[in-house]
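Participant: I would like the atomic coordinates for the input below:
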Amino acid sequence: MTTDWEWTPERIAALIALWNEDISTSEIGRRLGITKNAVIGKVHRLGLTQRRPVPASKEITLNVLRMEALRPGMCSWPIGEPGDADFHFCGHPVVPGKPYCAAHCRVAYVVSRDRKQSSTG
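Facilitator: Prediction:
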């Protein structure tokens, strides 16, 4: 994990998108290269909605989009772990020319700070 990070607008957008997918705080931290506690603190400061409690029953009825149901123009962002029963794809309308919706493009196409500095310098 890196220690020289900051909450850029891109990183905040990625945090919000991952939070809204019910990704765990430790996994969000891993993906963003920060600690779980940094994620929790920022979620609190942003006032993001609390997570829904997980139902006690394993019999959860989900309206999930499976691979065979994906069509052109549908976001192909994977949600969950392949092999899990609830693994599926986003399915929202894509950004023209991209395989993902606007929210997932913000996560997938984050420009690194080093790359920004070299293109502006």
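Participant: for this protein, which segments count as strands?
Facilitator: Ranges of strands in the chain, per DSSP state E, are 78-79, 88-89.
Participant: which among those is found nearest to G41?
Facilitator: Among these, the nearest to G41 by Cβ to Cβ is strand 78-79 (25.0 Å). C-betas here are computed from N, CA, C, even on glycine.
Participant: which outside residues touch that closest one?
Facilitator: E21, F87, H88, F89, C90 (Cβ atoms under 8 Å, 6 or more residues apart in numbering).
Participant: each with direction, which strands does that strand pair with?
Facilitator: Applying DSSP bridges, strand 78-79 is found paired with strand 88-89 (antiparallel).
Participant: and the strand it pairs with, how far from the chain's centre?
Facilitator: Relative to its parent chain, strand 88-89 has a centroid offset of 13 Å by Cα atoms, centre = their mean, to the nearest Å.
Participant: repeat that for stretch 80-93.
Facilitator: Chain-centre distance of stretch 80-93: 13 Å, with Cα atoms, centre = their mean.
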